[in-house]
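In: Predicted model and sequence follow; I will ask about them next.
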Amino acid sequence: MNPSDQLEIDDPTTSAADDSFGDILSQFESEHHSEGHLGAPVQGTVVSVTPEAIFVDIGRKTEGILRPETLRGAPLKAGDAVSVNIGVRNEEGYYELSTTHVTQPKDWSAIQAAFDEKRTIAGNRGRGCKGWPARRHRMRAFMPASRSGARDIPEMERLVGQLIECRITKLDTEKDDIVVDRRVVLEEREKQSREAAFTGLQEGAVIRGTVRNVMDFGAFVDLGGVDGLLHVADMSWTRISKPADVVKVGDQVEVKVLKVNRETHRVSLGMKQLQPDPWTVAAEKFKVGERARGVVARLQDFGAFVTLEPGVDGLIHVSEMSWSKKIRSPPTC
């Protein structure tokens, strides 16, 4: 990544958690498009003077400060008009001001190319320039809270000072107006990750996943960005009343990939397929004519199902229940 593509992202949305995004955006646009944004001269009025700083009303919600040691000429007093350049906010939230009017040319070529080509760029998110090295193409951009990719204010606060990737969605070189979007980059990366995970799935493979949701008909298992359906019929060789009796949300499970539909992006999984089919040994263990003991599993009008071993049920038909009398239904015998 070319260093000239890096942006410094100044996101004013962290100033008040209860402000709506519309209010914040309106404030940003009002300030961003007004005369005197980040370096251009504006007329201000001195509010108060202290030995450490001169506070100046510059027509914004937050005042600016001049450092007395930077002034030349007669000292300023409350009520004086002064022409100042507006810089970034300091740690106290005040704009740093200067009376030295210097026009700093900007090279927009790299930023314009990134915008035209919809390339992903990198920048530090912060309230100001603190911690940034001098860079020829250093510029500031606005990132709406809704496009930050953060789920809440605390998560957004953790982005301060970090190098993040984003994409330019608006560029106005005349007004120094740059708007960027981080969420679209995160969504694209997530989609690429899901596609890669899906492409790597092969039928017959045994993998581990996390149960994400449990329904009446089965459970959805996260396979690393791809969800697969573990149907209740494929959970166990024994009869299961409901999937919640076998798995719960958050469980780590080992499953076998039964089917991958490339067209619909559906994945079928199984757990019982990792265990031997009890019927493969039933034919060897149980011989015709031999006596066996079992437990009545369920009754039907036509007979009773008896479990000989887990997963192996046999049917006793009503006609085979008694020699002496005619059985109409199992409960009457």
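Out: All right, it came through fine.
In: Pop the domain breakdown of the chain in here.
Out: Under automatic domain parsing, the residue ranges defining each domain of the chain are 3-184, 201-274, 286-332.
In: Tabulate those domains (JSON lines), appending distance to Gln192 and mean neighbour count.
Out: In this view, the C-beta of every residue, glycine as well, is placed from N, C-alpha and C. Output for the domains of the chain, formatted as JSON lines (distance: least, CB to CB, whole Å; neighbours: other CB atoms under 10 Å):
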{"stretch": "domain 3-184", "distance to Gln192": "12", "mean neighbour count": "15"}
{"stretch": "domain 201-274", "distance to Gln192": "9", "mean neighbour count": "16"}
{"stretch": "domain 286-332", "distance to Gln192": "42", "mean neighbour count": "12"}
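In: okay, those domains in a markdown table with distance to Lys191 next?
Out: Converted to a markdown table, the domains of the chain look like this (distance: least, CB to CB, whole Å):
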| stretch | distance to Lys191 |
| --- | --- |
| domain 3-184 | 11 |
| domain 201-274 | 9 |
| domain 286-332 | 41 |
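In: rank these by pLDDT, which is bottom?
Out: Of all these, domain 3-184 carries the lowest average pLDDT, namely a mean of 72.
In: How about the secondary structure of the spatially closest residue to Asp172 that is not a sequence neighbour?
Out: Spatially, and ignoring its direct neighbours in sequence, Asp172 is nearest to Ile178 (7.8 Å; CB to CB, 6 or more residues apart in numbering). Of the three states, Ile178 takes strand under DSSP: H, G, I helix; E, B strand; the rest coil.
In: Repeat that for the one 10 residues further on.
Out: Each residue gets one of three states, and Glu188 gets helix by three-state DSSP.
In: mind listing what it touches?
Out: The contact partners of Glu188, taken as CB atoms under 8 Å, 6 or more residues apart in numbering, number zero.
In: right, and the residue nearest to Asp172 touches Phe142 too?
Out: Yes: the pair Ile178 and Phe142 qualifies as a contact (CB atoms under 8 Å) at a distance of 6.9 Å.
In: Quickly list what the residue nearest to Asp172 is bridged to.
Out: Here Ile178 sits in beta bridges with Leu171, as judged by DSSP bridges.
In: Can you tell me how far it is from Arg167?
Out: Distance of Ile178 to Arg167, given as CB to CB, to the nearest Å: 11 Å.
In: same check, this time on Pro154
Out: Here Pro154 is placed at a distance of 24 Å from Arg167 (CB to CB).
In: ranges for the strands of the stretch 1-150 of the chain?
Out: In the stretch 1-150 of the chain, the segments counted as strands under DSSP state E, counting those that start in this stretch are 7-10, 41-49, 54-57, 64-66, 81-89, 95-98, 120-126, 140-141.
In: Which one, of the ones you listed, ends up nearest to Leu223?
Out: Evaluated over these, closeness to Leu223 peaks at strand 120-126, with 26.8 Å, by CB to CB.
In: coming back round to it: could you tell me which residues touch both of Ile178 and Phe142?
Out: With CB under 8 Å, 6+ apart, Ile178 and Phe142 have no common neighbours.
In: out of the strands of the stretch 1-150 of the chain, which comes closest to Arg239?
Out: Nearest of the strands of the stretch 1-150 of the chain to Arg239, taken as CB to CB: strand 120-126 at 52.5 Å.
In: Which parts of the chain are helices?
Out: 21-33, 109-116, 153-157, 183-199, 278-285 (DSSP state H).
In: okay if I get those helices as CSV plus distance to Gly225?
Out: Shown next, in CSV, are the helices of the chain (distance: least, CB to CB, whole Å):
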stretch, distance to Gly225
helix 21-33, 29
helix 109-116, 28
helix 153-157, 21
helix 183-199, 4
helix 278-285, 35
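In: closest to Gly64 out of the ones you listed?
Out: helix 21-33 (12.2 Å).
In: Distance-wise, check the residue nearest to Arg67 when sequence neighbours are not counted relative to Ile111.
Out: Excluding the flanking residues, the one nearest Arg67 by CB to CB, 6+ apart is Ala53, at 6.6 Å. Look at Ala53 and Ile111: by CB to CB, they are 34 Å apart.
In: Thr173 too?
Out: Applying CB to CB, the value for Thr173 to Ile111 is 8 Å.
In: And the contacts of stretch 46-61?
Out: With CB under 8 Å, 6+ apart, stretch 46-61 has contacts from 27, 31, 34, 36, 42, 44-45, 63-68, 71, 75-82, 84, 86, 94-95, 97.
In: The same query, at a cut-off of 7 Å, please.
Out: For stretch 46-61, the surrounding residues in contact (CB atoms under 7 Å, 6 or more residues apart in numbering) are 31, 42, 44-45, 63-68, 76-80, 82, 84, 86, 95, 97.
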